[in-house]
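In: take a look and give me a structure for this.
(one chain, ligands or ions: 2)
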Amino acid sequence: MKALVYTQPLEVQLLERPEPELVDGEVVLRIDAVGICGSDMHAYHGHDPRRKPGLVLGHEFCGTVVRSSVGSHAPGVRVTGNPLITCGECDYCVQGRNNLCSRRTMVGMTRPGAFAQYMSIPASSLVDIPQDMPAVHAALTEPAATALHAINMSLKAMARPLPENRTLVIGGGAIGMLAALLLKDYGARGTVLAEVNPLRRRSAEQHAGVTTYDPREAAPEENGFDYVIDAVGSKLTRAAALSAVKPGGVVMHIGLQEWASEIDMRKLTLAEITLMGTYTYTTADLRATVKLLQQGAFGDLSWVHSVPLAAGAQAFADLDSGSLASSKVVLVP
Ligand SMILES: [Zn+2]
Ligand SMILES: [Zn+2]
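Out: Residues are numbered from 1 along each chain as shown. Ligands and ions are numbered 1, 2, ... in the order given. This is a model prediction of the structure:
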């Protein structure tokens with residue numbers, strides 16, 4: 001089969017790889033669509049020690065079962081899946097918080113990913129989709145669930161209902177964009193989005209109805225927002241988020257471009273700021289996201305850019321150079 005292999009920093013190559021064998025408890029999927037994630041780009045830049053050259057990346061997939069070792073998913077069934085392979089037994093798993101599973105592994109990181117014609121995955125990780133759902137839309141389940149999980153967590157910390165909050169989203173990548181779209185569906189008004197790429201700013205304005213600004217030219221209004229989402233996670237964006245949030249407000253930290261920074265603990269303390277971190281999604285979030293995508297909660301998704309898997313190397317280069325208006329590229333094997 002053909003697979004897009006991460007060969008060295010700043011290089012992915014379409015190579016011939018053996019098809020996966022059917023393993024007990026797993027299914028082999030023919031991949032119908034697979035999104036390029038920010039974390040795949042992070043690996044591409046050589047910044048992820050867990051994703052080493054020789055690995056097939058990709059974990060935002062939709063596929064069709066071609067071989068199955070379980071009764072629940074017969075050949076021909078179309079699915080998406082949870083790329084976090086969880087144990088189902090630890091305290092977090094039994095609490096339904098399986099994103100925190102202490103024994104989790106991951107597709108496209110600890111095992112071959114979905115930038116390929118075929119991929120094997122445990123049947124327990126599959127998430128069902130409506131059989132008529134477009135593959136490119138179903139492949140957005142994973143990043144959309146990341147936005148959903150983060151927003152749903154923040155809602156619990158807000159003093160007032162979301163439509164009464166003024167929201168700032170920092171970063172117009174796929175997570176920032178999907179968050180802005182879901183916020184709109186949840187009733188948020190007057191959302192502002194910060195993004196350095198003018199093509200992405202225009203795309204966010206058009207599709208998510210936000211107003212945008214270039215954070216290199218202006219700082220966000222100090223104490224101007226009840227709710228701030230940092231979908232970048234750099235030292236600069238964390239400082240901007242803490243400055244922009246109003247006393248009593250909520251900062252949700254999703255992106256993780258840089259690990260450490262100084263936080264304005266004086267403001268955090270005296271102004272009762274809630275600063276929250278979030279990681280991925282639970283299986284319940286993935287299921288809820290499939291329904292919301294199908295119902296149009298994330299809009300018509302016409303901003304998503306899809307190209308053949310064979311053009312994957314170019315897609316990585318285009319995402320790297322910022323020449324695309326779309327923050328999400330989906331590869332179609
Ligand atoms: Zn992802
Ligand atoms: Zn577990």
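In: show the subsequent helix or strand relative to the strand or helix carrying residue 250.
Out: Element membership for residue 250 (DSSP states H and E) is strand 245-253. Once strand 245-253 ends, the next helix or strand along the chain (criterion: DSSP H and E) is helix 265-270.
In: not counting that following helix itself, show me its contacts.
Out: Applying C-beta atoms under 8 Å, 6 or more residues apart in numbering, the external contacts of helix 265-270 come out as 242, 243, 273, 275. Just so you know, the C-beta spots here come from the backbone N, C-alpha and C atoms, and that holds for glycine as well.
In: hang on, the last one in a strand?
Out: Yes - under DSSP: H, G, I helix; E, B strand; the rest coil, residue 275 sits within a strand.
In: run through the residues that contact the residue of the stretch 101-250 of the chain found nearest ligand 2.
Out: Going by C-beta to the ion, ligand 2 is nearest to residue 101 of the stretch 101-250 of the chain, at 3.1 Å. The contact partners of residue 101, by C-beta under 8 Å, 6+ apart, come to 84, 86, 87, 90, 92, 93.
In: can you do 10 Å?
Out: Neighbouring residues of residue 101 by C-beta atoms under 10 Å, 6 or more residues apart in numbering: 84, 85, 86, 87, 88, 89, 90, 91, 92, 93, 282.
In: ditto for residue 215
Out: Taking C-beta under 10 Å, 6+ apart, one finds 170, 171, 194, 195, 196, 232, 236, 237, 240 in contact with residue 215.
In: could I get the phi/psi values of it?
Out: The phi/psi pair for residue 215 (degrees, to the nearest 10) reads phi -70, psi -10.
In: from the contacts of residue 215, which ones fall inside helices?
Out: When DSSP state H defines the helices, the subset of the contacts of residue 215 inside them is 236, 237, 240.
In: the first one reaches residue 170, doesn't it?
Out: Going back to what we said before, that points to residue 236. Yes - between residue 236 and residue 170 there is a contact at 9.3 Å, judged by C-beta atoms under 10 Å.
In: looking at the two, which is more packed in?
Out: residue 170 (28 against 14; other C-beta atoms under 10 Å).
In: report pLDDT for the more buried one.
Out: Predicted confidence (pLDDT) at residue 170: the value is 98.
In: so which strand or helix has the closest residue to residue 77 other than its chain neighbours?
Out: Nearest non-adjacent residue to residue 77, counting by C-beta to C-beta, 6 or more residues apart in numbering: residue 65, 4.8 Å away. Using DSSP H and E, residue 65 falls within strand 60-68.
In: buried residues in that strand, which are they?
Out: 60, 61, 62, 63, 64, 65, 67, 68 (16 or more other C-beta atoms under 10 Å).
In: what bridges to the closest residue in space to residue 277 that isn't next to it in sequence?
Out: Leaving aside its sequence neighbours, residue 277 sits nearest to residue 253 (C-beta to C-beta, 6+ apart; 4.9 Å). For residue 253, the beta-bridge partners are residue 230, residue 277 (DSSP bridges).
In: and the strand holding residue 250, how far out from the chain's middle?
Out: 22 Å (C-alpha atoms, centre = their mean, to the nearest Å).
In: which parts of it are buried?
Out: 245, 246, 249, 250, 251, 252, 253.
In: sorry, back to before: just the contacts of residue 101: which are in strands?
Out: Under the assignment DSSP state E, the contacts of residue 101 contribute 84, 85 to strands.
In: now the buried members of the contacts of residue 215.
Out: Looking at these with 16+ other C-beta under 10 Å, the buried ones turn out to be 170, 171, 194, 195, 232, 237, 240.
In: those: which two are farthest apart?
Out: 195 and 240 (12.4 Å; C-beta to C-beta).
In: helix, strand, or coil at residue 40?
Out: Applying three-state DSSP: residue 40 is helix.
In: closest to the centroid, which residue in this protein?
Out: residue 143 (2.6 Å; C-alpha atoms, centre = their mean).
In: list the contacts of residue 21.
Out: Residues near residue 21 by C-beta under 10 Å, 6+ apart: 28, 67, 120.
In: select, from the buried residues of strand 245-253, the two members most distant in space.
Out: Longest span within the buried residues of strand 245-253, C-beta to C-beta: 246 and 253, 16.9 Å.
In: list the contacts for residue 227?
Out: Residue 227 neighbours (C-beta under 10 Å, 6+ apart): 151, 154-155, 157-158, 160, 162, 165-169, 183, 188, 191, 244-246, 249-252, 274.
In: likewise for residue 173?
Out: For residue 173, the contacting residues are 37-38, 41, 143, 179, 195, 197, 200, 231-232, 254-255, 319, 327-328, by C-beta under 10 Å, 6+ apart.
In: for it, grab phi and psi.
Out: Per degrees, to the nearest 10, the backbone of residue 173 is at phi -70, psi -170.
In: secondary structure element holding the residue nearest to residue 119 when sequence neighbours are not counted?
Out: Sequence neighbours aside, residue 29 is the residue nearest to residue 119 in space, at 5.4 Å (criterion: C-beta to C-beta, 6+ apart). Assigned by DSSP H and E, residue 29 belongs to strand 26-35.
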